[in-house]
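Engineer: here is my input; please provide its structure:
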Amino acid sequence: QVQLVESGGGLVQPGGSLRLSCAASGSIFRINTMGWYRQAPGKQRELVATITSSGRINYADSVKGRFAISRDNAKNTVYLQMNSVKPDDTAGYYCNADISNTPYRRGDYWGQGTQVTVSS
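Structural biologist: Predicted coordinates:
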């Protein structure tokens, strides 16, 4: 049906930058809200940032001023620009999208995750 494929994770030093991408493909009529979540070992998955189809953005307090979410509707892609990263940002990062497959059916989809490790 729908696939979300993330890319861009890796090892980055504290204070550095990283850009994550997530491309949606498959049976897509319309993509509604897209977002990024993260989960560190032993912790619950938490919201990082979301962006609606009209561009309304919401950030977790822990990343405000450091991370920026954006989307390219023509490419069905959402991005997460991570700046001034900290060791606490280390986690698996997961893309999420609320997608209408048809005008009458919609679902919530997740990517497979990409690991971000912040370490010197």
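Engineer: where does pLDDT dip in the protein?
Structural biologist: Across the chain, nothing is flagged by pLDDT under 70.
Engineer: partners of Arg106 in the sheet?
Structural biologist: Legend: beta-bridge partners of Arg106 under DSSP bridges are Ser100.
Engineer: that one and Ile99 touch, don't they?
Structural biologist: Yes - the pair Arg106 / Ile99 is scored as a contact, 6.4 Å apart, by C-beta atoms under 8 Å. Glycine gets a C-beta too; all of them are placed from N, C-alpha and C.
Engineer: more crowded one of the two?
Structural biologist: Ile99 (24 against 15; other C-beta atoms under 10 Å).
Engineer: how close does the residue in the chain sticking out farthest from the centre get to Asp88?
Structural biologist: Here the centre of the chain is the reference, and by C-alpha atoms, centre = their mean the most remote residue is Tyr104, at 25.4 Å. Tyr104 is 42 Å from Asp88, where distance means C-beta to C-beta, to the nearest Å.
Engineer: isn't Gly107 up against Ala97?
Structural biologist: No - Gly107 lies out of contact with Ala97 (C-beta under 8 Å); the separation is 9.1 Å.
Engineer: over to the residue farthest from the centre of the chain: give its phi and psi.
Structural biologist: Dihedral angles phi and psi of Tyr104 (degrees, to the nearest 10) take the values phi -120, psi 0.
Engineer: also Lys75?
Structural biologist: phi -110, psi 0.
Engineer: how about Gln39, nearest residue that isn't a chain neighbour?
Structural biologist: Arg45 (4.2 Å; C-beta to C-beta, 6 or more residues apart in numbering).
Engineer: now do Ala49
Structural biologist: Ala49 sits nearest to Ile69 (C-beta to C-beta, 6+ apart), 4.0 Å away.
Engineer: can you tell me the element the one you found falls in?
Structural biologist: In the assignment (DSSP states H and E), Ile69 maps to strand 67-72.
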